[in-house]
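[1] Provided below for reference: sequence and predicted model.
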Amino acid sequence: MADDVDIHLVLQRSAVGIPPSVADAVEGAGAAARPQFSGTSDPSLSTFWLVRVPHENAAGLVDSLRQLPDVDGAYITPPDEPA
């Protein structure tokens, strides 16, 4: 999965888990989502998710996610080092 990138996804505070519209967009891009802060009981952290997506689908998925009403923010994680 060297050609995969992470997208940081922030859902609205009212979301519980991944809303169906978000799940459909993620699955349609060949991606997988997981909580960014798993194992915590702090509900304020439950809106933060990481989406692992093939590089070639990342920009399109971010654009799609930003259009959804349940999404407060989505961006591609910058690389650790400049290219």
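    Now that the structure is in, tell me what you want to look at. Numbers count the residues shown, from 1 in each chain.
[2] from here on, contacts and neighbour counts on C-alpha atoms
    Noted.
[3] now the helices: where do they sit in this structure?
    For the chain, applying DSSP state H gives helices covering 20-28, 55-66.
[4] Quick one: list the elements packing against the first one.
    The reference is to helix 20-28. If contacts are counted by 3 or more CA pairs under 8 Å, 6 or more residues apart in numbering; DSSP states H and E, helix 20-28 sits against helix 55-66.
[5] Strands of the protein, residue ranges please.
    With DSSP state E as the criterion, the chain has strands at 4-11, 32-35, 48-54, 71-76.
[6] What separation do you get for Ala58 and Val51?
    9 Å (CA to CA, to the nearest Å).
[7] what does Ala74 give?
    For Ala74, the distance to Val51 equals 10 Å [CA to CA].
[8] again with Gln36
    9 Å.
[9] ditto for His8
    For His8, the distance to Val51 equals 7 Å [CA to CA].
[10] what about those two, which has more around it?
    Val51 (25 against 19; other CA atoms under 10 Å).
[11] Can you tell me, leaving aside adjacent residues, what's nearest to that one?
    Excluding the flanking residues, the one nearest Val51 by CA to CA, 6 or more residues apart in numbering is Ala33, at 4.2 Å.
[12] What of Arg13?
    The shortest distance from Arg13 to any non-neighbouring residue, by CA to CA, 6+ apart, is to Thr47 (6.2 Å).
[13] Does that neighbour touch Ala33 like I think?
    No - Thr47 is not in contact with Ala33 according to CA atoms under 8 Å; the separation is 12.0 Å.
[14] Poorly predicted segments of this protein, please.
    Across the chain, the ranges flagged by pLDDT under 70 are 1-2, 14-15, 81-83.
[15] Give me the common contacts of Ala58 and Val51.
    Ile7 (CA atoms under 8 Å, 6 or more residues apart in numbering).
[16] Once you drop chain neighbours, what's closest to Leu9?
    Nearest to Leu9 is Ala74, by CA to CA, 6+ apart, at 4.5 Å.
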